[in-house]
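Engineer: Build me a model:
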Amino acid sequence: MNAAPADTPVPTQAAVSAAPNPSDVLFDQPQMKNTQPGSTLRYTYVRRSGITRGPYGPPLDDEIKLKIEPGKTAENRDIQVQMFSGANRAPAGPFDDMPGNPILPLFLENHLKGLAALLEANPRYIKNAIRKGLRDKATITPTKIDFKGRQIDGWKIVTSPFVGDPLTERMRGFDKITYTFVTSPEVPGEIVSIEAQAKKPDGGELLEETLNYDQNAG
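Structural biologist: As a prediction, this is how the structure comes out:
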């Protein structure tokens with residue numbers, strides 16, 4: 001079973017006031033310091049789209065592996081990547097002397113490529129909007145995560161970066177796409193899960209793309 005957030009408690013005002021900046025949590029922390037050199041982190045990846053004849057093709061159910069080796073400092077790691085398997089295999093890495101977890105940019109870059117192709121949009125515009133959304137529009141709340149038979153503390157970060165975007169009419173319903181990130185310093189690499197989800201007005205699925213740390217692998 002993958003690490004998964006349990007029911008999120010209602011945060012107190014004190015907890016909200018003490019919450020860190022979402023962008024800092026995702027991009028500025030030494031997330032790899034709690035990984036063991038010689039280990040392999042595995043992440044399950046699922047992508048499904050209800051867009052007929054869209055660019056995503058059939059559902060994709062695969063995994064991403066990060067092989068961890070020592071970096072130049074105690075907190076950093078050298079990382080070899082296996083991005084998917086078989087015919088889905090994509091080039092990625094390696095990453096040398098990394099303090100942060102590369103699974104986050106790997107997921108976002110892969111997601112960005114598909115979304116830019118679908119919308120026939122400039123990838124830089126979409127990337128900047130997501131980064132700005134995480135910086136200026138995201139909410140962060142404490143959450144509990146089921147991990148190896150116990151509950152641990154983490155953070156849940158949610159943003160809908162394209163709401164109110166000046167190019168909404170060109171977004172084909174993706175202006176309401178929501179990104180959800182769950183992190184915990186007790187999980188190796190700290191990234192517990194990532195989800196990008198967009199729905200049609202009738203509730204049908206435009207896109208669901210998820211990644212989960214596989215706590216039972218290896």
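
Engineer: got the contact list for the residue lying closest to Lys72 once chain neighbours are set aside?
Structural biologist: The shortest distance from Lys72 to any non-neighbouring residue, by CB to CB, 6 or more residues apart in numbering, is to Asp97 (4.8 Å). In short, each C-beta sits where N, CA and C put it, glycine included. Residues counted as contacts of Asp97 (CB atoms under 8 Å, 6 or more residues apart in numbering) are 71-73, 76-78.

Engineer: If we use 6 Å, what do you get?
Structural biologist: Going by CB atoms under 6 Å, 6 or more residues apart in numbering, Asp97 touches 71-72, 76.

Engineer: May I see the PyMOL selection of the buried members of those?
Structural biologist: A single PyMOL command selects the buried members of the contacts of Asp97 (16 or more other CB atoms under 10 Å):
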select buried, resi 71+76
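
Engineer: any idea of the mean pLDDT in stretch 40-55?
Structural biologist: Regarding stretch 40-55, the rounded mean pLDDT is 85.

Engineer: Oops, could you answer that again for stretch 89-109 instead?
Structural biologist: The pLDDT scores in stretch 89-109 average 94.

Engineer: Please apply the same query to stretch 174-191.
Structural biologist: 94.

Engineer: Output it as CSV, restricted to C-alpha atoms.
Structural biologist: C-alpha atoms of stretch 174-191 as CSV (Å, rounded to 0.1, in the frame of the first residue of the first chain):
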residue,chain,number,x,y,z
PHE,A,174,-8.0,23.0,-17.8
ASP,A,175,-8.2,26.4,-16.2
LYS,A,176,-9.6,24.7,-13.1
ILE,A,177,-6.9,22.0,-12.9
THR,A,178,-5.8,21.4,-9.3
TYR,A,179,-2.4,20.3,-8.1
THR,A,180,-2.1,18.5,-4.7
PHE,A,181,1.2,17.7,-3.1
VAL,A,182,1.7,15.8,0.2
THR,A,183,5.0,15.8,2.0
SER,A,184,6.5,14.5,5.2
PRO,A,185,10.1,14.7,6.6
GLU,A,186,9.6,11.1,7.9
VAL,A,187,9.2,9.6,4.4
PRO,A,188,12.5,9.1,2.5
GLY,A,189,12.8,11.9,0.0
GLU,A,190,9.9,13.7,1.7
ILE,A,191,7.6,13.6,-1.3
